[in-house]
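Novice: Requesting a structural model of the entry that follows:
(2 chains)
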Amino acid sequence: MVPVAYSYRNLLVRWKTTLMTAAGFTLVVAVLIVMLAFTSGVTTVCAVSGEAENVIWLTKGNIDEVLSRIDVQTARQLELAPGVLSDDRGRALASRELYMMVTQRDEKTGRWEFMSVRGVYENALEVHTQVRLIEGRMFQRHCRELIIGRQLARAHDIRIGDRLTLGRASWDVVGICEAGGSAFESELWGDLDQLAGCFHRRGIYTAVVLRTADAATARETASYLDGSRQVAVDASCELDYYARQAEQTDLLRNAALVIGVFMAIGAALGVTNTMFAAISARTSDIAVLRIVGFTKGQILAAFLFESVLIAAIGGTLGSCLGYALNGLTLETAMGAKKVAFAFQVDAAVLSTAAVFTLVMGLLGGLLPAVSAMQIRPLESLR
Amino acid sequence: MFKFAALIFKNLGRNKVRTTLTVLTIVALVAIYSFVCTVTDVAKTMMTAHSGDTRLLVQEKWSLPSLFPVRHVPKIAAVDGVVDWTAWNAYAGVVGEDTPIIAGLATRLDNFRAMHSGLEDLDPAILEAWEKERTGALVGQQIAQQIGRKVGQTFTVTSATHPGKNLEFKIIGILPSGIWQLTFFFRRDYYEEATGDRELVNAMWLKVRDAETGKRVAATVSEMFEHSPTQVKVETESAGIARFSGHVQTIVNIITFVANVLLVNMIIAQANSISITVRERRKEMAILKVLGFQPGMILALIVLEAMLVGSISGVAGAALAYATSELNASGALGGTVTILAQFPVPAAFIVRGFFVGAAVGFAASAIPAWNVRKVEVAEVFVRL
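Specialist: Residues are numbered from 1 along each chain as shown, chains lettered A, B, ... in the order given. Reported below is the predicted structural model:
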């Protein structure tokens, strides 16, 4: 039987040292959770963006819509691809789109900032079925009207009836849409021709999105035109396109883990220091434990338990601090796009932090515990 | 005084395990702190005014990617107060099937060094070679690795921005590590000939004498095209970069938060170690008092010991970060880590490591040292 109560009470007796050592783990875990919750939040936005039935076309080589340029003739060719559904009037269910980052001066701060603007035609809602109006109405063709994503409206406090200045023109906000928390909720949508005219982009699309019957057809259509020599475009299923955007957060996720490892080394060495000090002050205690029958293995386990307990206390506090961020919504860059995301402290993030904490607690306590195990009882009591 | 210093050094050697563990803790934390701070320093340096206020960025006013007519260029260049200028055209694409998209900038060759931040010290021999090679490209280290090419080799870009205009380039030099790691530069004359694009530019950079002239030039240029179908926006280099950085502000905030937490973490780690040391040495402190040491001297003893450990560890941690960064840049680590190459830790950080370590030592030891100066001699001896 491991002397668990002995370990636990020792932590209480030395509560100041226990708390200071645990604080190291608190910081490691809090930082790790903040960084992982950020990447998890952005990844979630990407994961819920796009639909399996849609195929998105960009100019060859582009991984983002901003720099892609598709001319009218190529767009017409793309709409003839096999597998594309037709609307009730027999026209291909294809959404020609013009995506731009528009600079706009914030009236409150006076600073210039970017806004994501997408020019579309009226059939866009039939292609992007996850986008639906929750307030107001759709913009009218040939009018300077906009519908705004829910997240963007919330972040900039924009309401129906507001007038926005985009370029040299004023645009009326006539509707608010939601799209299942996807990147579309961070965009403004307006009539493609009006936007193209305003921003000198006539005759240019950045992407064409085609609607097919199901995910399998979408993949077939994508691979068919991807191999085509007639049109120089890159085709991918919309879900894959947004999944690739999420890969950009991999760098930050890796950076988070590297920073976490370095901080964890610091915390583990702190535990080692504390435990060595504790052992040197308790050699006679350990000797007595050995004399009353506790084995070397039980002593080792008791001290390991003590260091893990310190780590767990710190880790729990850090998790609580990190969890306070859960759901906080901010905007960030995703490629050239700007999207709203919510910090997501989910089970995966908490488990990673817990594993970090426990492994570092174990490693930090190992050397001192081994040294405690090797204490010779009689010599220590002399 | 000398004896006092000797006492501090001897104290460090009394519990070698603890000193070593404390040093290792701070080395690890200062090393990662150096990397994190380098990222935030680069961002802040680029955003704050210095040369940034004498270099102006001209772009189309309303949208990204910016495009404005090339006929605006000579008019802008002729504005009173403009000392020098260059224009950029962006060109991006892929090299082969499996490489990521790479971005190039067509620019003027004759004033290349003067007009590009961070490239002022570029080897003139590279520019001479560039003058002789029309298809020459100056390539960021990271791009060179991604496409697996070296100086003297050629590569062909399948354009994503100019469909059907696939250009071949010959590498005439590699850009030093820093902000241009993921960019390549090539000649404007080659761009215009090869793409046939002689009508539009993406951006223009202006050099002006001083910040005041910069403001005047910015106002003049903005006014010149106020009624043109394509309006332009003029801002200082620092303001332009700040606007783009605003796009990634959340990430910058997170990194700044991490840097601050690292500092607190260092202080806690060392404070813990010092507290243990002080607790174990209460008897010794009492004896020092009996021998005539004033409370202030005992306080100084503890604080200086902590600052010594902190500063030595700080220098070692920063030196470790600098060495890793240099080895990474040279490719000696068997590959290049992109983010390290983009934000190389400067040698000056070793000096900063000294001060950071010393400051951490001071902050960590202040409370334990303050407590120990109040040690009651009688109370300690009664317990013996």
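
Novice: CA only for contacts and neighbour counts going forward, please
Specialist: OK.

Novice: Identify the residues contacting the residue nearest to B:Ile298 when sequence neighbours are not counted.
Specialist: Nearest non-adjacent residue to B:Ile298, counting by CA to CA, 6 or more residues apart in numbering or on different chains: B:Arg373, 6.1 Å away. If you count contacts by CA atoms under 8 Å, 6 or more residues apart in numbering or on different chains, B:Arg373 has them with B:Pro295, B:Gly296, B:Ile298, B:Leu299.

Novice: per-residue confidence at the nearest residue to the last one once chain neighbours are set aside?
Specialist: Read that as B:Leu299. Distances taken as CA to CA, 6+ apart place B:Ala369 nearest to B:Leu299, at 5.0 Å, with adjacent residues excluded. B:Ala369 carries a pLDDT value of 85.

Novice: give the contact list for B:Ala369.
Specialist: When contacts are counted by CA under 8 Å, 6+ apart, B:Ala369 touches B:Val278, B:Ile298, B:Leu299, B:Ala300, B:Ile302, B:Val303.

Novice: low-scoring pLDDT stretches of the chain, where are they?
Specialist: Since no chain was named, I'll use chain A. Along chain A, segments meeting pLDDT under 70 span A:1-2, A:107-111, A:228-232, A:248, A:335-336.

Novice: hmm, I had chain B in mind actually
Specialist: Residues of chain B meeting the criterion pLDDT under 70: B:1-2, B:43-52, B:98, B:177-178, B:241-248, B:334-339, B:380, B:383-384.

Novice: Domain-wise, how is it divided?
Specialist: Per automatic domain parsing, the structural domains of chain B span B:2-46+B:249-383, B:63-230.

Novice: got the ones you listed as CSV, with distance to A:Ile33 columns?
Specialist: Output for the domains of chain B, formatted as CSV (distance: least, CA to CA, whole Å):
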stretch, distance to A:Ile33
domain B:2-46+B:249-383, 11
domain B:63-230, 29
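
Novice: so which of those gets nearest A:Val45?
Specialist: A:Val45 lies closest to domain B:2-46+B:249-383 among the domains of chain B, at 15.6 Å (CA to CA).

Novice: Check which residues of the strand or helix carrying A:Arg219 are buried.
Specialist: If you go by DSSP states H and E, A:Arg219 is part of helix A:215-226. For helix A:215-226, burial by neighbour count (16 or more other CA atoms under 10 Å in any protein chain shown) applies to A:Ala215, A:Thr217, A:Ala218, A:Arg219, A:Glu220, A:Thr221, A:Ala222, A:Leu225, A:Asp226.

Novice: neighbours of the residue lying closest to A:Ala196 once chain neighbours are set aside, just the number please.
Specialist: Once flanking residues are discounted, A:Ala196 sits nearest to A:Arg202: 4.9 Å by CA to CA, 6+ apart. As a burial measure, A:Arg202 scores 16 neighbours (other CA atoms under 10 Å in any protein chain shown).

Novice: Hmm, A:Leu192 and A:Arg202 touching each other?
Specialist: No: counting by CA atoms under 8 Å, A:Arg202 does not reach A:Leu192; the two are 9.1 Å apart.

Novice: coming back round to it: does the residue nearest to A:Ala196 sit in a helix, a strand or a coil?
Specialist: On the three-state scheme (DSSP: H, G, I helix; E, B strand; the rest coil), A:Arg202 is labelled coil.

Novice: those strands in chain B, which residues are they?
Specialist: In chain B, the strands defined using DSSP state E lie at B:55-60, B:63-64, B:68-69, B:82-94, B:102-107, B:136-140, B:154-159, B:167-175, B:183-187, B:200-201, B:203-208, B:232-236.

Novice: Mind checking the ones you listed for the one nearest to chain A?
Specialist: strand B:63-64 (4.2 Å; CA to the nearest CA).

Novice: mind listing what the nearest residue to B:Ile287 once chain neighbours are set aside touches?
Specialist: What sits nearest to B:Ile287 in space, not counting adjacent residues and going by CA to CA, 6+ apart, is B:Val377, at 7.5 Å. B:Val377 sits next to B:Ala286, B:Ile287, B:Lys289, B:Val290 when contact means CA under 8 Å, 6+ apart.

Novice: From the residues you listed, list just the buried residues.
Specialist: Buried residues within the contacts of B:Val377, counting neighbours by 16+ other CA under 10 Å: B:Ala286, B:Lys289.
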